[in-house]
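Enquirer: this one's structure only:
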C-alpha cells in the first residue's frame, strides 16, 4: 500500500468567510408563533469574533429576550444523501442564556424559502457540549420529522441555516456565530497505510479533521478521547486500508435529528486489514437517534481485542470469502444490539444485557467459546440460524447469568434453536445451556465436564506410581488408569452432576486411599485440581 489517506465526502454550502450572501430567515414557527428575523442582521469578516474554520465566521447580535436569531445561506437546491446530513458549525457566546433542547435552544433550519422552512432542534443549554471554545458541529437530516415548520416548505432545500432561541438577550456584541456549513453522507474515509509509511489511525484522521483549513466535524480530538459522528469508512470500493490502532476512547456524539444508520463503522474492500486493540466506544447520550453500528460490507481481515462497546446498536461481521478472518477476543459488548456472527470467532468475550431478542445470531457455534453471557431477563444468549440444521456442534466453556435454568419458551433461555431442525450441542466446560426450540426445531444437549486431579504425598510432591480409579455406586468403573503420572483429567457427561464418584487411589508405598466425592456441575481447571494426598505406609 502507501501512506495512510484521510479524506471525507462533504460539500461546502458556505464557509463563513464570505463578505455577503448570508440572510436572516423571516418565517414564523407554526407551533408556537415564534418569530425569526427579530435579532440583528449578519455581520461579516470581523476579526474580533471567534471562528472555528478559515479566517472568519458570520455573526449576529441577539439583544431581545425570548427571541430567535438565525443566519442562513442560499444552498441552491441541494440533495442530502441517504443517511447523510447537513453539518452546521454554530456557537453562542453566552451559553447560559440559551433555551434548553426541548424548547429548541439551538436549531438547524432547512427550507425552500426565507418564509418556508423546517426547524430541527439540535441542542440547548442542557445538551450541547462545548469542547471547542463554544463551537459545536450540529447535524440534521431532512427526512427526520422536524420539531416545527414555518410557512409551507416544498421539500427543496434552497436555504440552510443555524438559529438560536435565547431566554435573555445580550446587550453587547454579536454573540451568535455560524461558521462553515456543509452537506453529504458525512464519511470519515480511511484508506492505504503500511508498515513503512505508518498505518491508518484515529489520531491520523483527527489531525486532518481538526486543522483550521478543514474542521470537518467527523472525528475530533477532545478531552479524554475522540468525538465521532457520521460514517467511519474503513476502506472503499477502490482502495483498501491497513488500519492498526490501540488504546483509544471514542465518544459517539449525541445526534438527535438523523437517521439510525447515520453513525456507522463500515468496513469495505476484501484487501483491507483492521486491527483494533484496547478501544472503547461509548454512546454519550441514549436519547440520540443513532447509537452507532458496525457493518462489514466486504469480508476483510478484522481483529478486535480487549475492546469495549457500550450502548451501541447492531454489529454485522462477514467471512464469506472463506479466506479472510474475523476474530473478536477478550472484548465486551454492553447493552448493544444484535451481533450477527457471520463466521467470526468470539473468544473470551462478554456479551452483557443485549438490547436485542438474542445477543448473537450464530452461523458457526463452534467459533464461540470461553464467552460470558449476561441477560437482563428478556433475551437469548445465542440464536442458532438455519446453518446449524441437522448438525452436531461443540460449545466450549461458555457461562450464562440471569437466564432461565430450565428448557422452555420464555425468550430468556441461553440457546434459541431457530434452525427448523434437530441440533445436537456437545458442551465442554462452562454452564449447561438450557434452550428454547423454534418452529420445527428440536435440541439435544450433551454436557462434558472436565474434572482435574493431582496425586501428591504429604510433602506435596507428585506421586507418579499410583493406580487411580473412579466408580459409581453400582461398582461400575467410570474412569481408571493402571499407573497415573500424578495428574489426571476425567471428563464426564453433565448428566452425572450431583451423583457420587467413588475415588480409589492405590500405591504399594502408601496407605490405600478411598473417598466419596460428588460429580461437580462445572469444570475445574488444571491449575485448580482436586488434590489427593497419600500417606506413607510405614508398616509396608
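Expert: In hand now; what should we look at? Here the structure is a predicted model, which means the values were calculated and not measured.

Enquirer: number of nearby residues for residue 376?
Expert: 12 (other C-beta atoms under 10 Å). Using the backbone N, CA and C atoms, a C-beta is placed for each residue, glycine as well.

Enquirer: so what's it up against?
Expert: 353-354, 402 (C-beta atoms under 8 Å, 6 or more residues apart in numbering).

Enquirer: hmm, try it at 10 Å
Expert: Residue 376 makes contact with 335, 352-355, 402, 412, according to C-beta atoms under 10 Å, 6 or more residues apart in numbering.

Enquirer: quick one: average pLDDT of the helix or strand hosting residue 178?
Expert: Following DSSP states H and E, one finds residue 178 within strand 176-184. For strand 176-184, mean pLDDT is 97.

Enquirer: other SSEs contacting it?
Expert: strand 11-14, strand 58-60, strand 67-78, strand 85-92, strand 135-140, strand 157-166 (3 or more C-beta pairs under 10 Å, 6 or more residues apart in numbering; DSSP states H and E).

Enquirer: okay, now the sheet partners of it, with direction.
Expert: Strand 176-184 has these partner strands in its sheet, going by DSSP bridges: strand 11-14 (antiparallel), strand 58-60 (antiparallel), strand 85-92 (antiparallel).

Enquirer: dump these to TSV, plus distance to residue 495 and mean pLDDT.
Expert: Output for the strands paired with strand 176-184, formatted as TSV (distance: least, C-beta to C-beta, whole Å; pLDDT from 0 to 100):
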stretch	distance to residue 495	mean pLDDT
strand 11-14	66	98
strand 58-60	76	95
strand 85-92	57	96
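
Enquirer: distance from stretch 61-75 to the middle of the chain?
Expert: Taking C-alpha atoms, centre = their mean, to the nearest Å, one finds stretch 61-75 lying 38 Å from the centre of the chain it belongs to.

Enquirer: repeat that for stretch 9-25.
Expert: Its chain's average C-alpha position is 35 Å from that of stretch 9-25, according to C-alpha atoms, centre = their mean.

Enquirer: just say helix, strand or coil for residue 387.
Expert: helix (DSSP: H, G, I helix; E, B strand; the rest coil).

Enquirer: from residue 500, how far off is it?
Expert: Distance, residue 387 to residue 500, by C-beta to C-beta, to the nearest Å: 41 Å.

Enquirer: how about residue 177?
Expert: Distance of residue 177 to residue 500, given as C-beta to C-beta: 79 Å.

Enquirer: more neighbours: these two, which one.
Expert: residue 177 (27 against 14).

Enquirer: okay, and the beta partners of the nearest residue to residue 529 once chain neighbours are set aside?
Expert: Once flanking residues are discounted, residue 529 sits nearest to residue 452: 3.8 Å by C-beta to C-beta, 6 or more residues apart in numbering. Going by DSSP bridges, residue 452 is paired in beta bridges with residue 489.

Enquirer: my guess is residue 452 meets residue 526, correct?
Expert: Yes. Counting by C-beta atoms under 10 Å, residue 452 touches residue 526, with 5.0 Å between them.

Enquirer: residues shared between the contacts of these two?
Expert: 487, 489.

Enquirer: pick out whichever of those two has more residues nearby.
Expert: Counted by other C-beta under 10 Å, residue 452 and residue 526 do not tie: residue 452 has more neighbours, with 18 against 11.

Enquirer: what's the pLDDT at residue 37?
Expert: 81.

Enquirer: that one in helix, strand or coil?
Expert: coil.

Enquirer: neighbours around it, how many?
Expert: With other C-beta under 10 Å as criterion, residue 37 counts 18.

Enquirer: that one against residue 109, yeah?
Expert: No. Counting by C-beta under 10 Å, residue 37 sits too far from residue 109 to count as a contact (11.4 Å).

Enquirer: between these two, which contacts overlap?
Expert: Contacts common to residue 37 and residue 109, judged by C-beta under 10 Å, 6+ apart, are 25, 27, 68, 70.

Enquirer: reformat those as CSV; add pLDDT, neighbour count and distance to residue 145.
Expert: Listed next are the shared contacts of residue 37 and residue 109 as CSV, based on pLDDT from 0 to 100; neighbours: other C-beta atoms under 10 Å; distance: C-beta to C-beta, whole Å:
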residue, pLDDT, neighbour count, distance to residue 145
25, 93, 27, 20
27, 88, 24, 18
68, 90, 26, 20
70, 92, 29, 20
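
Enquirer: now those residues in JSON lines, with distance to residue 329?
Expert: Below are the shared contacts of residue 37 and residue 109 laid out as JSON lines (distance: C-beta to C-beta, whole Å):
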{"residue": "25", "distance to residue 329": "53"}
{"residue": "27", "distance to residue 329": "55"}
{"residue": "68", "distance to residue 329": "52"}
{"residue": "70", "distance to residue 329": "51"}
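
Enquirer: about what we covered before: so who does the residue nearest to residue 529 touch?
Expert: Here residue 452 is in contact with 487-491, 523-531 (C-beta under 10 Å, 6+ apart).

Enquirer: give me that answer again for 6 Å
Expert: Contacts for residue 452 (C-beta atoms under 6 Å, 6 or more residues apart in numbering) come out as 489, 524, 526, 529.

Enquirer: please apply the same query to residue 65.
Expert: 168-169.

Enquirer: that one: which element?
Expert: Counting by DSSP H and E, residue 65 is part of no helix or strand.

Enquirer: export the strands paired with strand 176-184 as JSON lines, with columns for mean neighbour count and distance to residue 193.
Expert: Below are these laid out as JSON lines (neighbours: other C-beta atoms under 10 Å; distance: least, C-beta to C-beta, whole Å):
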{"stretch": "strand 11-14", "mean neighbour count": "18", "distance to residue 193": "26"}
{"stretch": "strand 58-60", "mean neighbour count": "26", "distance to residue 193": "38"}
{"stretch": "strand 85-92", "mean neighbour count": "28", "distance to residue 193": "26"}
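
Enquirer: okay if I get these as TSV plus distance to residue 236?
Expert: Below are the strands paired with strand 176-184 laid out as TSV (distance: least, C-beta to C-beta, whole Å):
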stretch	distance to residue 236
strand 11-14	18
strand 58-60	34
strand 85-92	20
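
Enquirer: quick one, which of those strands gets closest to residue 317.
Expert: strand 85-92 (26.6 Å; C-beta to C-beta).

Enquirer: give me the contacts around whichever helix or strand comes after that closest one.
Expert: Next along the chain after strand 85-92, taking DSSP H and E as the criterion, comes strand 106-113. Identification of contacts with strand 106-113 by C-beta under 6 Å, 6+ apart yields 25, 88, 117-123, 128, 138, 140, 142, 153-154, 156-161, 163.

Enquirer: which of these are buried, as a PyMOL select command?
Expert: In PyMOL, this line selects whichever of those come out buried by 16 or more other C-beta atoms under 10 Å:
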select buried, resi 25+88+117+118+119+120+121+122+123+128+138+140+142+153+156+157+158+159+160+161+163
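
Enquirer: hmm, back to that, quick one: closest of the strands paired with strand 176-184 to residue 249.
Expert: Between the strands paired with strand 176-184, strand 85-92 lies closest to residue 249; by C-beta to C-beta that is 22.8 Å.

Enquirer: touching the closest one from outside, list them.
Expert: In contact with strand 85-92 (C-beta under 6 Å, 6+ apart) are residues 52, 98, 108, 134-135, 137-141, 160, 162, 164, 176-183, 186, 217, 258.

Enquirer: would you map the helices across this structure?
Expert: In the chain, the helices defined using DSSP state H lie at 202-209.

Enquirer: that one - how does it break down into domains?
Expert: 7-184, 449-533 (automatic domain parsing).

Enquirer: now residue 384: how far from residue 357?
Expert: Distance from residue 384 to residue 357, by C-beta to C-beta: 13 Å.

Enquirer: re earlier: quick one: the residue nearest to residue 529 from residue 232, how far?
Expert: Residue 452 is 45 Å from residue 232, by C-beta to C-beta.

Enquirer: right, and residue 426 touches residue 447 too?
Expert: No. Judged on C-beta atoms under 6 Å, residue 426 makes no contact with residue 447 at a distance of 8.0 Å.

Enquirer: looking at the two, which has the bigger crowd around it?
Expert: Each of residue 426 and residue 447 has its neighbours counted (other C-beta under 10 Å); residue 447 has more, 23 against 16.
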